[in-house]
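what follows is a predicted protein model with its sequence.
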Amino acid sequence: MRLPSLFISHGAPDLLLSDAPARVFLERLIDDLAVRPRAIVVASAHWETPGVEVSGAPWPATIHDFAGFPQDLYAVRYPAPGAPALAVRIAGLLQQAGMTCEIRRERGLDHGAWVPLALMAPSADIPVLQVSLQTHQGPGHHLRLGAALAPLRGDGVLIIGSGSLTHDLSSFFTHRFAPDAPAPDWVQAFADWVDAALRDGDAAQLADYRRRAPFAARNHPTEEHLAPLFVALGAAGDRPPIRRLHTSTTYGVLRMDAYAFGGLA
């Protein structure tokens, strides 16, 4: 059974403690797939490396890579098993695609992986590993990275790009938006453009978002939170069916939209 690839917006780490609509969405996401994944590969905004790396720990640690949040979050552990054999396969697929890849056997799960997975798969019984981003290489590189991972979908492996459709933290700290604040105009305009570009099926247009999209640099002063979208899109093949699974906003400037690329086959 071939699974779709997913892009999800993971929000702030305290999503686990909130009543946000995105939390409710993530809690039912695995069940809505109809087929339970045999493993999950996450490309998270919070793991950037010069070259592609894949985590190969048999029991990845829970990395609390954030500060200033409620103490309860630092006690959370997500004890899912890793998938060392799958890491070896991924390294092989990437090398076949002309990308060098190193396996990091000590690498744990950052909050871009474990926070949404703690909602999606709270029993922590699905093996999980991560692949790193190379944000400096741009969207085209991440489309190719996703394409190299595409064969995994036919083996029941769920590929997730975990980032944020918008990530204007500068405005958040300036304006101190409330958790349920509506999206300001510059956030809404960017989210609408991305949705239209995805539905047009023009990956080249989307990859050129920093020139073409309204308020691109404001919504993404750095690109690591949108790069996972391109990994998920690349993993789905040429012009896949696209479904927007969820749309909501937290703290005004964090659009929590999620997409599925490709259908069950």
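That came in fine, so what should we check first?

make it CA atoms for all contacts and neighbour counts henceforth
OK.

right, and Asn219 touches Phe190 too?
Yes - assessed by C-alpha atoms under 8 Å, Asn219 is found in contact with Phe190 at 7.5 Å.

any residues in contact with both of these two?
Thr166 (C-alpha atoms under 8 Å, 6 or more residues apart in numbering).

those two - which one has more neighbours?
Shown here are Asn219 and Phe190; by other C-alpha atoms under 10 Å, Asn219 has more neighbours (26 against 21).

spatially, which residue comes closest to that one, not counting chain neighbours?
Spatially, and ignoring its direct neighbours in sequence, Asn219 is nearest to Asp168 (4.7 Å; C-alpha to C-alpha, 6 or more residues apart in numbering).

what's the answer for Val88, then?
Computed as C-alpha to C-alpha, 6+ apart, the closest residue to Val88 that is not its neighbour in sequence is Ile103, at 7.4 Å.

and that neighbour, how far from Gly112?
As judged by C-alpha to C-alpha, to the nearest Å, Ile103 and Gly112 stand 19 Å apart.

Pro221 too?
The gap separating Pro221 from Gly112 is 18 Å, by C-alpha to C-alpha.

got it, and Gln188?
23 Å.

find the helix or strand that the residue nearest to Ala207 when sequence neighbours are not counted is a member of.
Nearest residue to Ala207, sequence neighbours excluded (C-alpha to C-alpha, 6+ apart): Pro139, at 5.3 Å. Using DSSP states H and E, Pro139 sits in helix 138-149.

what's the distance between Ala203 and Glu223?
17 Å.

err, Glu48, not the other one
Note on Glu48: its distance to Glu223, by C-alpha to C-alpha, is 11 Å.

out of these two, which sits in the more crowded spot?
Neighbours per residue (other C-alpha under 10 Å) separate Glu48 from Glu223, with Glu223 holding more: 20 against 17.

return the residues in contact with the more buried one.
Thr135.

which of the three states applies to it?
coil (DSSP: H, G, I helix; E, B strand; the rest coil).

phi and psi next, for it.
According to degrees, to the nearest 10, the main-chain angles of Glu223 amount to phi -100, psi 0.

how close does it sit to Ala45?
Distance of Glu223 to Ala45, computed by C-alpha to C-alpha: 9 Å.

what of Asp200?
25 Å.

same check on Pro79?
The value you get for Pro79 to Ala45, if C-alpha to C-alpha is used, is 21 Å.

the more surrounded of these two?
The residue with more neighbours, out of Pro79 and Ala45, is Ala45; 27 against 20, by other C-alpha under 10 Å.

from Leu33, how far out is the more buried one?
Separation of Ala45 from Leu33 (C-alpha to C-alpha): 23 Å.

what's the answer for Glu106, then?
30 Å.
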